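Enquirer: generate coordinates for the sequence data below:
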Amino acid sequence: MADTNYPSAASTPPSQPSRNRGNKNLLIGLLAAGLLGTWGYLLWDKNKTGEKMQLTQNQSTAYMSERDSVKMMYDEAEMRLDSITGANNNLQGEKTALQKDIDARKAEIRRILNDKNATQAQLAKARTLISELNDKIGNLEAEVTRLTGENQELNVANTSLKQEKTDLEQNLQTTTTEKEELAQTVDVASTFSASNIQVAAVNEKKSGKEKSTTTAKRVDKLVVSFDVENRIAKSGPADMYIIVTAPDGKVISDPALNSATFTTRTEGDKTFTAKVPIDYSQGTRKAVQFPIHQNDFQIGNYKVEVYHNGFKIGEGVRSLKKGGLFG
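Expert: Sure thing, here's the model as predicted:
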């Protein structure tokens, strides 16, 4: 068989178009793989970013919740403190060491809460300070309770003292009243009693002798005499007031006395004729005598009244008549 110039099918190399097609497919595969990888990375990164944002949001929410919680704790503590100090006036004056300590903690807590950039550590410190503040407030409550108890005891004691004072004043008033009543009783009881009252009309002779008479024109003086006594009256000086009323109703008085008066217990002020001082010895009977002088004695009744201690203790009457033919 004659040789030909055509190669056999087994030994024929691939054609150029087939090779190009394979390279293209490989490139497409690589591009697809790269694209898928890029998408995968983007999806993973997106998820990761979302997780970070969620974490940040959660952290921010937790931070705000922590801050609000701390502020709420502080507000409750401050309300508790205000309820104590507001109800106790004694704590509103000069500050004690305990109150100053409380104020210092309050200032530090406010500083942290007012700081918008406060850290978790600072908020934790605020929590600790609030806990300490509550302990201090507890001590303050105990102090207030103690002071309130003491104040109540003082109020009870004060009320008791006021009642005792009132009782003493009432007793003193009663005692004073009783004393005054007793003194009044003794004073009244110490008034003398007068007895044996006599009024003598006397005619004085040129010889000096005295003679009783009932003729008005012959009377030179009236002599008033009486006895006084009292078992209660103490020894010492006493004044007797004598009032002599003439028949015309006028009181005979000494011009030198200028119508002197004295005060009676039931009849007001009265003009007296004579004030007779005596020196009395307790438990004895004292004789008293006093003369009443006048230029002309009237016809009629002369009334004589004796007073002591503002009371009338006796009286007597002397009648003077018109004289006969030879007077």
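Enquirer: mean confidence (pLDDT) on stretch 38-49, please.
Expert: Throughout stretch 38-49, pLDDT has a mean value of 69.
Enquirer: residue 289 and residue 223, how far apart?
Expert: Noted for residue 289: a distance of 6 Å to residue 223, by CB to CB, to the nearest Å. Where you see a C-beta, it was placed from the backbone N, CA and C, and this is true even at glycine.
Enquirer: the more surrounded of the two?
Expert: When neighbours are counted by other CB atoms under 10 Å, residue 289 and residue 223 differ, and residue 223 comes out ahead with 16 against 11.
Enquirer: does that one count as helix, strand or coil?
Expert: Per DSSP: H, G, I helix; E, B strand; the rest coil, the secondary structure class of residue 223 is strand.
Enquirer: where in the stretch 1-150 of the chain is pLDDT low?
Expert: Along the stretch 1-150 of the chain, the model assigns pLDDT under 70 to residues 1-22, 39, 44-64, 85-95.
Enquirer: show me what whichever strand or helix holds residue 141 is packed against.
Expert: Per DSSP states H and E, residue 141 falls inside helix 120-189. If contacts are counted by 3 or more CB pairs under 8 Å, 6 or more residues apart in numbering; DSSP states H and E, helix 120-189 sits against helix 16-87, helix 97-114.
Enquirer: which other residues reach the last one?
Expert: Around helix 97-114, the neighbours that count as contacts under CB atoms under 8 Å, 6 or more residues apart in numbering are 67, 70-71, 74, 78, 81, 85, 91, 95, 118, 122-123, 125-126, 129-130, 132-133, 136-137, 139-140, 143.
Enquirer: at 10 Å what do you get?
Expert: Residues outside helix 97-114 that contact it (CB atoms under 10 Å, 6 or more residues apart in numbering) are 67, 70-71, 73-75, 77-78, 81, 85, 91-92, 95-96, 118-119, 122-137, 139-140, 143.
Enquirer: what's the PyMOL line that selects buried ones from those?
Expert: PyMOL command restricting the contacts of helix 97-114 to the buried ones, with burial defined by 16 or more other CB atoms under 10 Å:
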select buried, resi 67+70+71+73+74+77+78+81+85+91+118+123+125+126+127+129+130+133+134+136+137+140+143
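Enquirer: need the overlap of contacts for residue 289 and residue 223.
Expert: Joint contacts of residue 289 and residue 223 (CB under 10 Å, 6+ apart) are 198, 200.
Enquirer: shaky segments in the stretch 201-327 of the chain?
Expert: 255-259, 324-327.
Enquirer: now the helices for it?
Expert: Secondary structure of the stretch 201-327 of the chain (DSSP state H, counting those that start in this stretch): no helices located.
Enquirer: for stretch 272-286, the distance to its chain's centre please.
Expert: Offset of stretch 272-286 from its chain centre (CA atoms, centre = their mean, to the nearest Å): 56 Å.
Enquirer: CA atoms only: put the longest strand along the chain into PDB for me.
Expert: Scanning the chain for the longest strand, with DSSP state E as the assignment, gives strand 193-204. C-alpha atoms of strand 193-204 as PDB (Å, rounded to 0.1, in the frame of the first residue of the first chain):
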ATOM      1  CA  SER A 193     -66.000  94.100 173.400                       C
ATOM      2  CA  ALA A 194     -67.200  97.000 175.400                       C
ATOM      3  CA  SER A 195     -69.300  96.800 178.500                       C
ATOM      4  CA  ASN A 196     -70.600  98.900 181.400                       C
ATOM      5  CA  ILE A 197     -70.900 102.000 179.100                       C
ATOM      6  CA  GLN A 198     -71.800 105.100 181.000                       C
ATOM      7  CA  VAL A 199     -72.100 108.800 180.000                       C
ATOM      8  CA  ALA A 200     -72.000 111.200 183.000                       C
ATOM      9  CA  ALA A 201     -73.000 114.900 182.800                       C
ATOM     10  CA  VAL A 202     -70.600 116.800 185.100                       C
ATOM     11  CA  ASN A 203     -70.900 120.200 186.600                       C
ATOM     12  CA  GLU A 204     -67.500 121.600 187.700                       C
END
